[in-house]
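Q: this is the structure alone, sequence omitted:
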């Protein structure tokens, strides 16, 4: 079994992957996530996506450009719990009514959680990526060197992914994008793959910054492998795709 990787988190990734039956190969060019989206769109003719942790829908966003360019054939849900991010998300997707913003955090068991996020009043003193580091983990900001003094707590409502899909009457998901700054693995383990099996799943592993542990990542890879996915790995993110997407049939 092969995994393609660019900018490898080399030794860490190799030691994990070899133990569970994968080997790592270097890409000749950077991985192109959008190309995989176009493959799926070509195969199906139209796509439905769910993006968890959508932030404002634009900042460091891996799917916004694709949705904008293919809005006549792409619909979906963009899920974001923080009020200021959600308002921006609504504005940015207002021209595309087939994309529905949902103000909630995804959690497998809790109905509300504390998010640790950068104080919006202090964003101007920080790099642009600091907008997107909100996390259930109170120490997550330390991994990026963000000062504790700019962090605040905010309580947000939570639902399971299944609850959101049921409320929105979603029967099938073609593409799932997850960026929750440390909770991605739990969401993946909460998926009922008998109910729906996305063609493409993109998530953040963050191994080089210890966003998740080696053991957690190994469990995620095994879960996806057992459900028929191959993986392409980047430095911080991974894209799982159903094998027939690139093999045909």
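A: Everything's here; your move. Predicted, not measured: the structure shown is a model, and the values here were computed from it.
Q: drop to CA atoms for contacts and neighbour counts, all remaining ones
A: OK.
Q: residue 143 - how many residues pack around it?
A: Residues near residue 143, counting by other C-alpha atoms under 10 Å, number 11.
Q: dihedrals phi and psi, it?
A: Note on residue 143: its backbone torsions stand at phi -70, psi -30 [degrees, to the nearest 10].
Q: wouldn't it be in contact with residue 207 here?
A: No - at 11.1 Å, residue 143 does not count as touching residue 207 under the criterion of C-alpha atoms under 8 Å.
Q: partner residues bridging the most centrally placed residue in the chain?
A: When the chain is reduced to its mean C-alpha position, the closest residue under C-alpha atoms, centre = their mean turns out to be residue 178, at 1.7 Å. Residue 178 forms beta bridges with residue 52, as assigned by DSSP bridges.
Q: residue 106 now?
A: residue 159.
Q: residue 161 is in contact with that one, correct?
A: Yes - shown here, residue 106 and residue 161 form a contact pair, counting by C-alpha under 8 Å, at 6.0 Å.
Q: where exactly do the helices run in the protein?
A: For the chain, the helices defined by DSSP state H occupy 10-19, 33-44, 64-69, 83-93, 161-167, 184-189, 214-226, 244-247.
Q: touching the third one from outside, list them.
A: Where contact means C-alpha atoms under 8 Å, 6 or more residues apart in numbering, the residues beyond helix 64-69 that reach it are 34, 37, 57-58, 74-75, 96.
Q: for the residues you listed, which one is nearest residue 48?
A: Nearest to residue 48 among those is residue 75, at 4.9 Å by C-alpha to C-alpha.
Q: residues near that closest one, how many?
A: The number of residues near residue 75, taken as other C-alpha under 10 Å, comes to 19.
Q: against residue 64, how distant is it?
A: 12 Å (C-alpha to C-alpha, to the nearest Å).
Q: could you list the buried residues of stretch 230-249?
A: Within stretch 230-249, the residues that count as buried by 16 or more other C-alpha atoms under 10 Å are 230-236, 238-243, 245.
Q: will you turn the residues you listed into TSV that also has pLDDT?
A: Below are the buried residues of stretch 230-249 laid out as TSV (pLDDT from 0 to 100):
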residue	pLDDT
230	92
231	92
232	91
233	89
234	88
235	86
236	89
238	94
239	95
240	95
241	93
242	91
243	83
245	80
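Q: as JSON lines, these with distance to residue 85 would be great.
A: Shown next, in JSON lines, are those (distance: C-alpha to C-alpha, whole Å):
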{"residue": "230", "distance to residue 85": "32"}
{"residue": "231", "distance to residue 85": "30"}
{"residue": "232", "distance to residue 85": "29"}
{"residue": "233", "distance to residue 85": "28"}
{"residue": "234", "distance to residue 85": "26"}
{"residue": "235", "distance to residue 85": "26"}
{"residue": "236", "distance to residue 85": "22"}
{"residue": "238", "distance to residue 85": "24"}
{"residue": "239", "distance to residue 85": "25"}
{"residue": "240", "distance to residue 85": "27"}
{"residue": "241", "distance to residue 85": "29"}
{"residue": "242", "distance to residue 85": "32"}
{"residue": "243", "distance to residue 85": "35"}
{"residue": "245", "distance to residue 85": "33"}
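Q: point out where this protein drops to low pLDDT.
A: 1-30, 247-249 (pLDDT under 70).
Q: how does it look with 80?
A: Regions of the chain meeting the criterion pLDDT under 80 cover residues 1-31, 246-249.
Q: for residue 47, which residues are in contact?
A: Applying C-alpha under 8 Å, 6+ apart, we find residue 47 in contact with 40-41, 73-75, 173-175.
Q: buried subset of those, written for PyMOL?
A: Buried members of the contacts of residue 47, defined by 16+ other C-alpha under 10 Å, are picked up in PyMOL with:
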select buried, resi 40+41+74+75+173+174+175
